[in-house]
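Enquirer: Give me the fold of what follows.
(chains A, B and C)
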Amino acid sequence: MPLDFDIKTDTYEGPLALALDLIEARKLLVNDLALGTITDDFVQHVRGQEIFPVEETAEFIGIAATLILIKSKSLLPDLALTEEESADVDDLKRRLEAYAKVREAAAELGRIYGKQVMYAAGERAPEVFFAPSKDLNAPALAEALARVLAAREMVEELPEKRVKPMVTIEEMMDKLAKRVQTAMNLSFKDFAGSHKDPSTGLRAGKVGIIVSFLALLELVKQGAVAAEQFDPHGDIRISHTTPSATPHYG
Amino acid sequence: MYASPGARVVGEGRDSYNSLMLTPPAALEAILFAAGEPVEKKRLAQMLEISVADLSLAIVAFEASLASRGLALINTDEEIELRTAPEAAELVKKLWESERGRDLGKAGLETLAVIAYQEGATRGDIDWVRGVNSSASVRTLLLRGLIERREDPTDKRRARYALTSEALAHLGIKRLTDLPRHAELARGVEAHVRTSDVAATSDVPESAV
Amino acid sequence: MYASPGARVVGEGRDSYNSLMLTPPAALEAILFAAGEPVEKKRLAQMLEISVADLSLAIVAFEASLASRGLALINTDEEIELRTAPEAAELVKKLWESERGRDLGKAGLETLAVIAYQEGATRGDIDWVRGVNSSASVRTLLLRGLIERREDPTDKRRARYALTSEALAHLGIKRLTDLPRHAELARGVEAHVRTSDVAATSDVPESAV
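Expert: Numbers count the residues shown, from 1 in each chain, chains lettered A, B, ... in the order given. Below is the predicted model:
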């Protein structure tokens, strides 16, 4: 499915920038409706991204998960969010509102930066005369440098530490599709429950359910499966629409 | 132009600096001109042998005397610096043929914006609101001397960032409150960032940036 | 204070420098301040796009405006220069004395340490290793005679810094290799500097953050 809005995939610095661009392209305000509306495009983007900056993957998937939660809630009004999930939704809204302000502020700074530079006093050739200080001695120098180098080491080592194994949307899609093919009828709760915590670094249980739900929505959209919810609090039943056909996904 | 506090002459009746007939604003002007860099207010008060309160009055008077002149005073919370007036930028630029690269880029501007409109932002605040790891941007801004790191008075391991006099000079403003739409945008950025303190992200130790 | 010749605004009705509202004396002030050295009158007239006669009037007006202030104009046949007022001499001396009597502090020691353990470090090297802009520290160390600038033999525009012999004497060492943990720390600095060659910042225009 092509994106509705012209989004250059390689310009994204992060998930908030992407989400806000999608919202602003539709001239919407940051609210549940807007967030539900951009969910598909956001997920599409996350899926379409082949090379991800590893350390941003967690943020992207995490925010995709929250967006899907918001969309799920709009599709299934009876879906009760846990306290934690509601907090995530609120947090995302607050971050997007704040980030929108930051972007406005950045645009203002960009408008004036370097335009009317206030220049410093010209360098006068100073009278140099030797003036050491009380705190200057050889051990103090060695100590100062050791401190600087230690700080540099920390900076350079950090990125590696952030790499964590991630659950991908594609993996979940595959899994769900296979389950649908082997078992004609499958309850959403069963499936989500069978999903083993892949140590995502996020709250794996929630992510598992949401990613499953997303994959389900995708399959429904592609007509590969039919999903039914018989009563408001009940399970969603999944079944093959065309048993003979291989579902097309991805 | 210069009222009561300056009517007293600096060094009057003392031998301190040769009983010179310089008013505090004139003395400020000379020191700032000679220093050619930001000077701490504390140090200025010491040199002029006046109280910090009197120094504030002298600064106000000096600033008033700079109106419609070629120079301007940049005022951060701790320092003041004398620079050319923003209106003179085009003219002074002609002195130096080559100009420094000045484009900050999107990430740099956003990071600078968070720090500008939310004074004392931490790395966690910046990451939280931008949704990305901002360490590269913070580092570049530090290298360019546009921001500086300050110790958090309540938690020494945590660094807080602030704009330098150099940054204000590049923005052509004399103090933070002169930022475009300052009150409005500061409120927008700050209110949200502040409530995030608990949720603050960034597993990066601040000291490392 | 400022009479008729300055009443006309520099750049008025032209696009020359953004039609900014600076009077010729104010424009003179900004240029002289930023130049930091005597500027030829001919050149000033060109920059302000006024005749030499008008420039003379502007100089007279500017000089009059400097009365009872901290700055003074030095006016020779061909050039003018802005300086601190003679009355401020004691004060300026005090500034320099206090400047030179101060501790080097964290920034100063770190900067000196990088130069000591990495002979011939450039500004870019120092900034990169420290992670912050070091221009103020380098300036202070130069002023205090602790380091000196040397020309890079392969690139004359690039300055390299080294400790002065007085600094070595003060540290009580005959050569740099006598510094504590020399081999280890020098290797440490070099490793960082090596990898920074491409990214080296400061005087190089940076494309983007």
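Enquirer: Would you map the helices across chain A?
Expert: A:15-25, A:32-48, A:54-75, A:83-112, A:138-161, A:169-182, A:188-194, A:204-221 (DSSP state H).
Enquirer: now swap in chain B and tell me
Expert: B:4-7, B:24-35, B:41-48, B:52-65, B:89-93, B:105-117, B:123-130, B:135-143, B:165-171, B:182-194.
Enquirer: average pLDDT for the fifth one?
Expert: Per-region confidence: helix B:89-93 scores 89 on mean pLDDT.
Enquirer: try the second one
Expert: Computed over helix B:24-35, the mean pLDDT rounds to 94.
Enquirer: hmm, that helix touching chain C?
Expert: Yes. Applying CB under 8 Å from any CB of the partner chain, one finds helix B:24-35 touching chain C at B:25-31, B:33-35. Heads up, the C-betas are built off the backbone N, CA and C, glycines and all.
Enquirer: Can you tell me the closest non-neighbouring residue to the residue most central in space within chain B?
Expert: Geometric centre of chain B, nearest residue: residue B:76, 3.2 Å, by CA atoms, centre = their mean. Here the nearest residue to residue B:76 in space, its sequence neighbours aside, is residue B:165; by CB to CB, 6 or more residues apart in numbering or on different chains that works out to 5.7 Å.
Enquirer: Could you measure from the one you found over to residue B:176?
Expert: 11 Å (CB to CB, to the nearest Å).
Enquirer: Would you report the backbone torsion angles of the residue nearest to the centre of chain B?
Expert: phi -100, psi 180 (degrees, to the nearest 10).
Enquirer: Go ahead and confirm it touches residue B:166.
Expert: No. The pair residue B:76 / residue B:166 is not scored as a contact, 10.2 Å apart, by CB atoms under 8 Å.
Enquirer: Residue A:31 - nearest residue in space that isn't next to it in sequence?
Expert: Excluding the flanking residues, the one nearest residue A:31 by CB to CB, 6+ apart is residue A:93, at 7.3 Å.
Enquirer: tell me the contacts of the one you found?
Expert: Contacts for residue A:93 (CB atoms under 8 Å, 6 or more residues apart in numbering or on different chains) come out as A:30-31, A:35.
Enquirer: okay if I get those as TSV plus pLDDT?
Expert: Shown next, in TSV, are the contacts of residue A:93 (pLDDT from 0 to 100):
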residue	pLDDT
A:30	87
A:31	87
A:35	90
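Enquirer: Got a quick PyMOL command for the buried subset of these?
Expert: With 16 or more other CB atoms under 10 Å in any protein chain shown as the criterion, this PyMOL line picks the buried residues out of the contacts of residue A:93:
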select buried, chain A and resi 30+35
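Enquirer: list residues touching both of residue B:165 and residue B:176?
Expert: residue B:76.
Enquirer: okay, those two: which has more neighbours?
Expert: residue B:165 (23 against 19; other CB atoms under 10 Å in any protein chain shown).
Enquirer: and the gap between that one and residue A:154?
Expert: Taking CB to CB, one finds residue B:165 at 28 Å from residue A:154.
Enquirer: picking that back up, confirm for me that the residue nearest to residue B:76 is in contact with residue B:38.
Expert: Yes. With contacts counted by CB under 8 Å, residue B:165 reaches residue B:38, the gap being 4.4 Å.
Enquirer: Which neighbours do the two have in common?
Expert: Here residue B:165 and residue B:38 have B:74, B:76, B:79, B:81 as joint contacts, going by CB under 8 Å, 6+ apart.
Enquirer: pLDDT score for residue 78?
Expert: No chain in the question, so chain A it is. So residue A:78 comes in at 68 (pLDDT).
Enquirer: The intended chain is chain B.
Expert: Reported pLDDT at residue B:78 in the predicted model: 92.
Enquirer: ok, for it, nearest residue in space, not its chain neighbours?
Expert: In space, and not counting its chain neighbours, residue B:78 is closest to residue B:40: 5.9 Å by CB to CB, 6+ apart.
Enquirer: any idea how far the one you found lies from residue C:98?
Expert: From residue B:40 over to residue C:98 the distance is 11 Å, taken as CB to CB.
Enquirer: swap in residue A:29?
Expert: 56 Å.
Enquirer: again, but for residue B:110
Expert: The spacing between residue B:110 and residue C:98, counted by CB to CB, is 39 Å.
Enquirer: who has more neighbours, the two?
Expert: Remark: of residue B:110 and residue C:98, residue B:110 carries more neighbours, 28 against 12, as counted by other CB under 10 Å.
Enquirer: was I right about that one contacting residue A:104?
Expert: No. Using CB under 8 Å, residue B:110 is not in contact with residue A:104, being 10.4 Å away.
Enquirer: re earlier: quick one: which of the contacts of residue A:93 is nearest to residue A:132?
Expert: Nearest to residue A:132 out of those is residue A:30 (CB to CB; 58.1 Å).
Enquirer: so the closest one makes contact with residue A:100?
Expert: Yes. If you go by CB under 8 Å, residue A:30 and residue A:100 touch, sitting 6.7 Å apart.
Enquirer: got any residues that touch both of the two?
Expert: Residues touching both residue A:30 and residue A:100 (CB under 8 Å, 6+ apart) are residue A:20.
Enquirer: OK, contacts around residue A:37?
Expert: So, once contact is read as CB under 8 Å, 6+ apart, residue A:37 ends up touching A:26, A:28.
Enquirer: which regions of chain B lie under the pLDDT threshold?
Expert: Scanning chain B for pLDDT under 70 picks out the ranges B:1-20, B:96-102, B:191-209.
Enquirer: if you set the cut-off to 80 instead, what comes out?
Expert: By pLDDT under 80, the low-scoring segments of chain B are B:1-21, B:95-103, B:190-209.
Enquirer: Report the helix or strand with the lowest average pLDDT across chain A.
Expert: The weakest-scoring helix or strand in chain A, judged by mean pLDDT, DSSP states H and E, is strand A:185-187 (a mean of 44).
Enquirer: re earlier: take the contacts of residue A:93 and lay them out in a markdown table including distance to residue B:91.
Expert: Converted to a markdown table, the contacts of residue A:93 look like this (distance: CB to CB, whole Å):
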| residue | distance to residue B:91 |
| --- | --- |
| A:30 | 44 |
| A:31 | 49 |
| A:35 | 50 |
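Enquirer: Now do residue A:82: how many residues are near it, please.
Expert: For residue A:82, the neighbour count with other CB under 10 Å is 10.
Enquirer: re earlier: next, format the helices of chain B as TSV and append distance to residue C:69.
Expert: Below are the helices of chain B laid out as TSV (distance: least, CB to CB, whole Å):
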stretch	distance to residue C:69
helix B:4-7	12
helix B:24-35	5
helix B:41-48	15
helix B:52-65	8
helix B:89-93	20
helix B:105-117	32
helix B:123-130	42
helix B:135-143	36
helix B:165-171	22
helix B:182-194	31
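Enquirer: Show me which residues of chain A sit near chain C.
Expert: Proximity of chain A to chain C, by CB under 8 Å from any CB, involves residues A:119-124, A:126-142, A:144-149, A:151-152, A:155.
Enquirer: and with 6 Å instead?
Expert: Counting by CB under 6 Å from any CB of the partner chain, the residues of chain A close to chain C are A:119, A:121-124, A:126, A:128-133, A:135-136, A:138-142, A:144-145, A:148-149, A:152.
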